[in-house]
Structure formats: C-alpha cells, structure tokens
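Asker: based on what follows, work out the 3D shape:
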Amino acid sequence: MAEGAGTTEDERERAGESVRSAPRYTRFSRALFVGGIAVTVALFAIGGWQRRWIADDGLIVLRTVRNLLAGNGPVFNAGERVEANTSTAWTYLVWFFSWITGARLEYVALALALALSLGAVVFAMLGTARLWGGPRAAFLLPAGVLVYIAVPPARDYVTSGLESGLVIFWLGLLWWAMIRWAKAERVRLPALLGLVFLAGLAPLIRPEMAVLGAAALGMIFLAPLPGDRPVLLRLLIVAVAGLLPLGYQIWRMGYYGLPYPNTAVAKDAGGAKWSQGFTYLWNLVGPYWLWLPLLLLLLAGLGALRLASESTARGDRERAERVPPVTRFRRWLRSPSAVVTLVLGGALLLTVYALRVGGDFMHGRMLLPQLFLFLLPIAVLPVRVPRGAFRPFSLRDVRYLLIPALWLAVVGWAFFAAGTTAITTGTKISSTGIVDERVYYVLNTGHDHPIRAEDYLDYPRMRAMVDGIANTPDGGLLLNSPSFMFWYIAPPPQPIPEGGAGHTVFFLNLGMTSMNVPLDVKVVDPMGLAYPLAAHTDRLADGRIGHDKSLYPDWVIVDAGMVDKKPWMPWYLDEKWVSQARVAMSCPDTYALMLSHRDPLTLDRFKHNLRNALNFASYRIERVPKYEIERCGLVDPFPQPPR
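Answerer: As a prediction, this is how the structure comes out:
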C-alpha cells in the first residue's frame, strides 16, 4: 500500500460536513471570489503603472543582459567574470524574453516585472482559497493581498526592473503548489516533481530564499510519498530539486571564483548591523501603522479557523493517539497546518536575517517578501454563513459578524496607507541612509517615469560623462568631480594604441552609467558591486547602509593603467598613495584574486577557481594602500622614518 494513500473515514466525514455547511448561493460565492481576484489585480496593476519606473539597480541587471546578447557571457564588463546581479533567475529571464522578442531591454524588464507581480497576487489568493476550502465552503474576500498592495513600496517595485516581482511570484506559486500538495487526496508523480523542481529554484531566485526552499523540500522528502517505492522516489526528488541549482553552483564557483554573487561580497551579506536593521524595520512599519492590519488579520484568521473547525469529529484525535509519534509527525508534514507553519516560520527567519544585515537603503524593499509571506495564510478571508441563514438572528450568531467587521477595518486602513507618504526628504538622504528610491530618481532626473537609460542622462553628471568619453578618443579614466558639469579624466600613457586605450568610468551609480555607454567602456564602482577589488575591502562601521564600502580612486589609477603623475593625474590624488597602491596590488593573494575573474577561462582556471572559491570569498584587503602593504608584508616605497 502507498505511503499515506487515500483518505480516512473521518476526513471524508469532515468533507461532507463542509459541503453541508457551505453557503446556499455557491454560484454567487464563486463569482465573488473571481471578482475579488480581478479587482485586486486591477488595483495592483493601476497602482504599479502609476509608479512605473526602472531603478538604477534595475539597469545594472540590463548591462549584464546586454553582454549576454552580445556574446560576452554573463558579465558586467567584457573580459571580467563578475556576477553583479543577486538574482540569477531574473537575469536569465530578462535575457530570454529580450532574445525572443527583440524588444528594448527596459520595456522587457518592465513588462516582465509587472506580469510576475500580478501573477503573485493571483497565486496567493488561489492558494489561500484552497486552504480555507474554496468558494463552496465560504464567501472569500480579498484581505491580506489588499494589505500588501496598499503599502506604497509594494507598488513602487512592481516595475522597478529588479527581481522583486519574481521573488513574490515564486513565493505565491510555491504557496499554491504546497497547499495543493497538502490537500490532495492522491499525489500524482508529475505534480510532485514539478513542486520539488520549483522549491529547488530557491537559491537562483535570491540566495536567502534557500531557507524557504530547503524547508519545503525537507517537508516533502520526509512526508509519506505515493507509490510502493518510496526510497527510489526520494532519490528522484533529490535529483530533480538539486540538478539545476547544484549544477549552476558548480559552474558559478568555477566561472566567477565565488560561491555566491559578488553583490553578497560587496555588501558583506554575513555581517551584522542589528541597530540599523531595526531602524529599517520601523521605517516601513511605523509610517503606515502596519502593525494594525497585521493584528486585525491575525484576529480574523483565528476566528475563521475556529468557525472552520467547530464540526471536527473527536475520533480523529483519538485515532492519532494510537499512532507512533514519528508516523504522526510525518503525516502532519503533508497537511495545510504544516504549510502555514512553513511560510510563517520562513517569514520570521528571513525577517531576522534582514534585521541582522541592517536592511537596505531602499525604503521597504528588503522586507516586502517577508510581508508577503506573513500575509499568505490570510490572503483571502473566509466569511461563513450560519445554517438556516433566514431564521431569527440569535446572540450566538454575533461571531459570524466578527470577520466582516475586521475585514472592513482592514479595508479602511488600506485607504489610509495607500495615500501615506513615509519619506518626505525628497533628494536629501537622512541620517538613516534610507530613501524613497523612486521619488529620489524622479526628482533628480526630472522625469515622472524614468524608464529608459537615456532618461537618466538628466541625472547629475551623466551628460557630462557621455561628453567626456566622446571628447577623449585616446581613452582615459573618468573620475567624478564636485561639479555636475565635468569629469576629471586621467589619460593613458604614451604611445596610444591604434583605436585608443579604452575608457574606464569609476562611479557609484553603475546602472545609469553603464547603460549609457558602449560595452567596450569599462564601468566600475567604489563599493564593489561590479569591482571585486573594492568588494573585498572591509565594511565601514559607520557607512551608509548598502553603500558602506568605498575604495580610493588611487587604486583605480593603477588598475586601469593610466598616467600616475601630475599634472595629468587629477589634482586631488596623491602620487605617494598611487605608488603604494601599485605595490599593494602585487600582494600574491590579491593578484590571485584578480586572476580568478580576469584570466582566460581554461579548464585549469575553472578547476582552480572551484577549489578556491570559498577562500576568495572570505579574502579581504585594506583600502588604505599603506595598511595593505603592512598586512601583506610588502616593502613600502615610502617607509616611515625611524623614531
């Protein structure tokens, strides 16, 4: 007999009880549910479209897609194997649809992000409806999804070009599939393998989503399985779930020389900034009174759960007592309560992780998946009608009014939150370092909807950068000046090769910079998202969150091979520091790090990177050249005089 096959007599009895207590007007109930989905999706689509834009970080993704389409590989700068995007799946999705359609990259990213965001809401509601028994068991009203779409940051990242839409879509789809698996009378093999493949995609969606994906796979692996060969099926589950992510992980370590995206190194994803994390949490919760709808929905969910379980037979509990604890636990793993525990536990763990690393500099963005997860079990609210609805109203029937009353309160809060502006500083960055990213770029570019790369040419310094490159055909290193109207340009040494020595731009805003220059222009940043030399410096204790690494430009003069003498070198750079940076870069470990992503990719290089990826990831350098010379035990060209 198959593990856990079929249903018990008590389960069939409860199913019959659910049908008998279903609303009389089943067609109306179904129409109400479908209408609720349509209204919610429409509201989310309108809200997202009104705030349509592509973030600077979204343009970073598109630079990699440009290189993929040009045949340079999944890199940010041609000739340097750096994974500058956190979400592998998002990069390749944008690339695939760009390749298929031939449409402009910005529009592909915008349309794809919008479609995935809307799909996330649909699957969230479908999964929760199945959790509560569907429209036949109760009237289903959109609830948790209204809370999510009412929060302004959720609408900001519907079309931002970032992976936010993909993340919540994956969460919604996984929720729906897990509930479907938990409530199915018979689990079919294709559906089961599709579910484990979906859960296995977690680290490719975003690395931290591996927490949720691993927990889901653990539940499926340990729960009773269909068929008479459970051991063979478990091996198949491991293979289907792990083939793609494990294969990509091996390829990533050999190709990039790191066990995770370079962005995790640049932002020290394992570091701790608890105080900033709690500041980031309150920056989202406080202005919108977000705790209020969460409390109301918690009460509504508990009330709905009580009404749904009133008719449960006692025999099930008595039967459970005679089952061994391990068997009882394994059966529980394939139950709706276990899936609810999974998503709520995952939301809690991901929230703790976000608090630990200090959150982010974008208002609300890094907590949106957690909020979505917390709201999934109550994405829709079941409103039940007492038997004999047309009989005289009794005091006992008051409990049926609790959920509609709480739902109305949540709807009222949604109107308040949707019109609330949490951050009013505009282009000024407060001491918290957190900004409303969309408003910041709207005001700085002068475009209500900055979507195309050229829209960002109106951002300070961008047109001057393009002009500076056009006016220096011999090449050079562009360093931003205090003025928005020109850049310092360090020239290449003589003789200039035919066609010029090439340009390198050293600037923080990678997206707008890299998408407004040709692919043969190298673009690197002091924070290290696309520049491993900067990424492997130590995090600044008091730096702005998300920007707390800053490599001095003296290093880039050496690395780019530009003239390191004044007056050709920008006036504010120090010839002594540049000379020390040249010595510091000869450190054997630093040299090995640079070779890991700059050396031609041969089989030997791939194997060497694979073996040393963890060491490369943990390697750190001092950003002050003098201190790096001391750390590495090199000879300082400007030693301190003896005391």
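
Asker: so which residues of the chain form strands?
Answerer: For the chain, applying DSSP state E gives strands covering 139-142, 380-383, 476-480, 487-490, 503-506, 522-524.

Asker: name every strand pairing with the shortest one and say which way it goes.
Answerer: In the sheet containing strand 522-524, the strands it pairs with under DSSP bridges are strand 503-506 (parallel).

Asker: closest one to residue 246 among the strands of the chain?
Answerer: Nearest to residue 246, of all the strands of the chain, is strand 522-524, at 31.2 Å by Cβ to Cβ. (Glycine included, C-beta is placed from N, CA and C.)

Asker: mean confidence for that closest one?
Answerer: Strand 522-524 carries an average pLDDT of 97.

Asker: cool, and stretch 67-80?
Answerer: For stretch 67-80, the mean pLDDT works out to 96.

Asker: what residues does that stretch touch?
Answerer: Stretch 67-80 is contacted from outside by 60, 63-64, 81-84, 91, 95, 98-99, 510, 514, 519-520, 522-524, 530, 597-598, using Cβ atoms under 8 Å, 6 or more residues apart in numbering.

Asker: about what we covered before: rebuild the strands of the chain as TSV, extending it with distance to residue 420 and mean neighbour count.
Answerer: Shown next, in TSV, are the strands of the chain (distance: least, Cβ to Cβ, whole Å; neighbours: other Cβ atoms under 10 Å):
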stretch	distance to residue 420	mean neighbour count
strand 139-142	20	24
strand 380-383	23	26
strand 476-480	35	24
strand 487-490	40	22
strand 503-506	38	24
strand 522-524	37	26
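
Asker: any chance of those in CSV, with distance to residue 127 too?
Answerer: CSV is the format used below for the strands of the chain (distance: least, Cβ to Cβ, whole Å):
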stretch, distance to residue 127
strand 139-142, 12
strand 380-383, 9
strand 476-480, 48
strand 487-490, 52
strand 503-506, 46
strand 522-524, 42
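
Asker: in stretch 409-416, what's buried?
Answerer: 409, 410, 411, 413, 414 (16 or more other Cβ atoms under 10 Å).

Asker: please name the nearest non-neighbouring residue to residue 88.
Answerer: Among residues not flanking residue 88 along the chain, residue 204 sits closest, at 4.6 Å (Cβ to Cβ, 6 or more residues apart in numbering).

Asker: where does the one you found land on pLDDT?
Answerer: pLDDT, residue 204: 97.

Asker: contact partners for it?
Answerer: By Cβ under 8 Å, 6+ apart, the contact list for residue 204 reads 87, 88, 89, 244, 245, 248.

Asker: restricted to buried residues, select the residues you listed in ChimeraX.
Answerer: Buried members of the contacts of residue 204, defined by 16+ other Cβ under 10 Å, are picked up in ChimeraX with:
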select :87,88,89,245,248
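
Asker: just to revisit the earlier point, the buried residues of stretch 409-416 into TSV, with extra columns for pLDDT and distance to residue 399?
Answerer: Below are these laid out as TSV (pLDDT from 0 to 100; distance: Cβ to Cβ, whole Å):
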residue	pLDDT	distance to residue 399
409	96	16
410	96	18
411	96	20
413	96	22
414	96	24
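
Asker: pretty sure residue 347 contacts residue 373?
Answerer: Yes. Counting by Cβ atoms under 8 Å, residue 347 does reach residue 373; the two are 3.6 Å apart.

Asker: where in the stretch 201-350 of the chain is pLDDT low?
Answerer: For the stretch 201-350 of the chain, residues meeting the criterion pLDDT under 70 lie at 310-321.

Asker: hang on, the earlier thing: closest one to residue 214 among the strands of the chain?
Answerer: That would be strand 380-383 among the strands of the chain, by Cβ to Cβ, at 27.8 Å.

Asker: so how far is the closest one off the chain centroid?
Answerer: Taking Cα atoms, centre = their mean, to the nearest Å, one finds the center of strand 380-383 at 29 Å from the center of the full chain.

Asker: same question for stretch 494-504.
Answerer: When C-alpha coordinates are averaged (Cα atoms, centre = their mean), stretch 494-504 and its chain have centres 39 Å apart.

Asker: what do you get for stretch 498-513?
Answerer: For stretch 498-513, the separation from the chain centroid amounts to 28 Å (computed by Cα atoms, centre = their mean).

Asker: got the buried residues for that stretch?
Answerer: Neighbour counts using 16+ other Cβ under 10 Å place 501, 502, 503, 504, 505, 506, 507, 509, 510, 511, 512, 513 of stretch 498-513 among the buried residues.

Asker: spatially nearest residue to the third one (excluding sequence neighbours)?
Answerer: So that's residue 503. residue 521 (4.7 Å).

Asker: residues near that neighbour, how many?
Answerer: Residue 521 has 19 neighbours, counted by other Cβ atoms under 10 Å.

Asker: which regions of the chain sit below the pLDDT cut-off?
Answerer: Along the chain, segments meeting pLDDT under 70 span 1-25, 310-321, 387-398.
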